[in-house]
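> sequence and predicted structure, then a few things I'm wondering about:
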Amino acid sequence: MDRLTATTIKPIKISQIARILNAIFDEKKDQEVSSFCTLFPGEPGGISFLAKDSYIKRLKDTKASVVIINEKQICPDDCNSICLRVKNPYQAWGKLLSKLGSPITWSNQEISKSSNIHKSAKIAKNVVIGENVLIGENVVIHPNVTIYPNSIIEKNCIIHSGAVIGADGFGFALPENPKETLQKIPHIGHVILNEDVEIGANSCVDRAVVGATSIGEGTKLDNLCQIGHNVQIGNGCVLAGQVGIAGSTEIGNHVQIGGQVGIVGHIKIGDFVRIGAQSGVHKSVEKGKTIIGSPAVEASIWRRNFANYNMKSK
């Protein structure tokens, strides 16, 4: 199982899941699943959900054994997954995570006895470390840091004061009836900080819904950065202060991101991309591009547009 894209659960039959969700499916195809997984790439023996109806044509690309889809959709002929049809896939996904996932729990100790901390790690006062946390060799954790259960902090990482690693991601299902409350989506995944990562003061790296939110080797975050659930950041990246990255976005290697940049969810930023300060990135960016502005465009286009604007405003 890929720890970045899946989270194990106690094996359960699809027919049992269908009863929990009041879902429609072909009982002749009943089998067991043993993990929750992201839709792409998916995981054999895993269950996922279709977030957008427009993704229905891409179902052939998932390795997930089971996919929850809208009841109005029909599973394509070239899809290898078993489809469970429900009224609201995202709400059903949340219900299933609540029912079958392992909730985050805290012990009474500031530093849980079930955590695995290397003897060379330096941990300051008022640090809270949850259950089953792994902290590697020569890690430095400054005062008032909170590390949620199941997080993995690999060797030579530095985490500055006030940072929070592994809190819930921002996930809520909208109710069909506006008078009803938002449905919180449980986050049962974890966070991985790979070797030599530095997290600035008061920055937050949210736990994944399933699988992991991952920061690549040698990447550095400034103060007040926000990394959403299931974000994957590559190696050797630099993020200046107040950068915010929404959920499930993939950042390549050696990417430079200026201060106060906002990046939407579910897009891909290629290797060696440079993003100017205060840019708003709304779509995927190819390798090696330099972009700026909101909405962000290639720097050469932005400069030309800005020059034209100045000419017309005189």
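Thanks, I have the structure now. Residues are numbered from 1 along each chain as shown.
> what's the separation between the residue nearest to Lys113 when sequence neighbours are not counted and Lys119?
Excluding the flanking residues, the one nearest Lys113 by Cβ to Cβ, 6 or more residues apart in numbering is Ser107, at 7.1 Å. Every residue, glycine included, has its C-beta placed from N, CA and C. From Ser107 over to Lys119 the distance is 21 Å, taken as Cβ to Cβ, to the nearest Å.
> these two: who's more crowded?
Comparing Ser107 with Lys119 by other Cβ atoms under 10 Å, the one with more neighbours is Ser107, at 14 against 5.
> residue closest to the middle of the protein?
Asn230 (1.0 Å; Cα atoms, centre = their mean).
> quick one, phi/psi of it?
phi 70, psi 10 (degrees, to the nearest 10).
> got the contact list for it?
Neighbour list for Asn230: 38, 169, 189, 208-213, 247-248 [criterion: Cβ atoms under 8 Å, 6 or more residues apart in numbering].
> can we see that at 7 Å?
38, 208-209, 211, 213, 247-248 (Cβ atoms under 7 Å, 6 or more residues apart in numbering).
> with Gly265 instead?
Gly265 makes contact with 228, 246-249 under the criterion Cβ under 7 Å, 6+ apart.
> before we move on, what about Ile152?
Going by Cβ under 7 Å, 6+ apart, Ile152 touches 134, 190, 192-193.
> so which of the residues you listed is surrounded by the most neighbours?
Neighbour max across the contacts of Ile152 (other Cβ under 10 Å) = Leu193, 29 neighbours.
> and the pLDDT for that residue?
Confidence at Leu193, expressed as pLDDT, is 99.
> tell me what it is bridged to.
Ile153, Ile215 (DSSP bridges).
> check the gap between the closest residue to Ser102 other than its chain neighbours and Gly166 for me.
Excluding the flanking residues, the one nearest Ser102 by Cβ to Cβ, 6+ apart is Ile188, at 6.0 Å. Using Cβ to Cβ, Ile188 is found at 12 Å from Gly166.
> which of the two has more neighbours?
Gly166 (28 against 22).
> what's the neighbour count on the residue lying closest to that one once chain neighbours are set aside?
Nearest residue to Gly166, sequence neighbours excluded (Cβ to Cβ, 6+ apart): Tyr148, at 3.0 Å. Residues near Tyr148, counting by other Cβ under 10 Å, number 23.
> which residues touch Tyr148?
Tyr148 sits next to 104, 130, 165-167, 207 when contact means Cβ under 7 Å, 6+ apart.
> for Pro103, see how far away it is.
From Tyr148 to Pro103 the distance is 12 Å (Cβ to Cβ).
> swap in Gly200?
29 Å.
> go on, Cys75?
31 Å.
> now do Asp30
27 Å.
> more neighbours: these two, which one.
A direct count of neighbours by other Cβ under 10 Å for Asp30 and Pro103 places Asp30 higher, at 13 against 10.
> can you give me the helices for the stretch 1-150 of the chain?
Along the stretch 1-150 of the chain, counting by DSSP state H, counting those that start in this stretch, helices occupy 14-21, 89-100.
> out of those helices, nearest to Gly258?
Gly258 lies closest, by Cβ to Cβ, to one member of these: helix 89-100, at 32.9 Å.
> can you list the neighbours in contact with that closest one?
9, 12, 17, 20-21, 36, 49-51, 68-70, 86, 173, 183, 185-186, 188.
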